[in-house]
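Asker: Dropping a prediction and its sequence here:
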Amino acid sequence: MTPYTIPTSEPMAAYFARHDLTVTRFECLGLEDDRDMARVSDQTIINAAVAVNTSDADALFISCTGLPAIGVIEEVEKRLGKPVVTSNQASAWAMARLGGFHDYNPTRYGRLFSHALPNHAFGEAA
């Protein structure tokens, strides 16, 4: 799920596909201005996340560092019954692991923090 337009989001879906991740569905909020993305309400994010979910998806990725999604991760995971990864959460998780905070697991920010950084995570160029 992204706050972007479809033309902005399609290359991201293609990137995931090139890296052997199956995108079962993607939805966009259709926003073009970062300021609008930063003002999206928690309820709008939750509703969009629930709407984009498919039974065959293993997880949900919510894109955009400007989208204030970190505060709804716990609720979306609860509603979907699957992991949620957001851009900011993934960045914080990677920084914590690379910084040696291997046991840092703030549960309200999602299941991602219960995982270690894979050995190969930064070994190859994207």
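Answerer: Structure received.
Asker: quick one, helices of the chain?
Answerer: Along the chain, counting by DSSP state H, helices occupy 6-18, 34-37, 42-52, 73-80, 87-98.
Asker: Listing request: residues of this protein with sub-threshold pLDDT.
Answerer: Residues of the chain that meet the criterion pLDDT under 70 lie in 121-126.
Asker: residue farthest from the centroid of this structure?
Answerer: Gly100 (22.6 Å; C-alpha atoms, centre = their mean).
Asker: Any figure for the gap between that one and Ala59?
Answerer: Distance, Gly100 to Ala59, using C-beta to C-beta, to the nearest Å: 26 Å. Heads up, the C-betas are built off the backbone N, CA and C, glycines and all.
Asker: in stretch 34-54, what counts as buried?
Answerer: Met37, Val40, Ile45, Ala48, Ala49, Val52, Asn53 (16 or more other C-beta atoms under 10 Å).
Asker: Nearest to Phe26 among those residues?
Answerer: The closest of the buried residues of stretch 34-54 to Phe26 turns out to be Val52 (C-beta to C-beta; 6.9 Å).
Asker: ok, now which ones touch the closest residue to that closest one other than its chain neighbours?
Answerer: Spatial nearest neighbour of Val52, excluding adjacent residues (C-beta to C-beta, 6 or more residues apart in numbering): Glu27 at 4.2 Å. Applying C-beta atoms under 8 Å, 6 or more residues apart in numbering to Glu27 gives the contacts Met1, Thr2, Ala48, Ala51, Val52.
Asker: Spatially, which two of the residues you listed are the most separated?
Answerer: Taking every pair in the contacts of Glu27 and measuring C-beta to C-beta, the maximum separation is 13.1 Å, between Thr2 and Ala51.
Asker: got the contact list for the residue nearest to Glu32 when sequence neighbours are not counted?
Answerer: Among residues not flanking Glu32 along the chain, Thr5 sits closest, at 6.0 Å (C-beta to C-beta, 6+ apart). Shown in contact with Thr5 (C-beta under 8 Å, 6+ apart): Cys28, Gly30, Leu31, Glu32.
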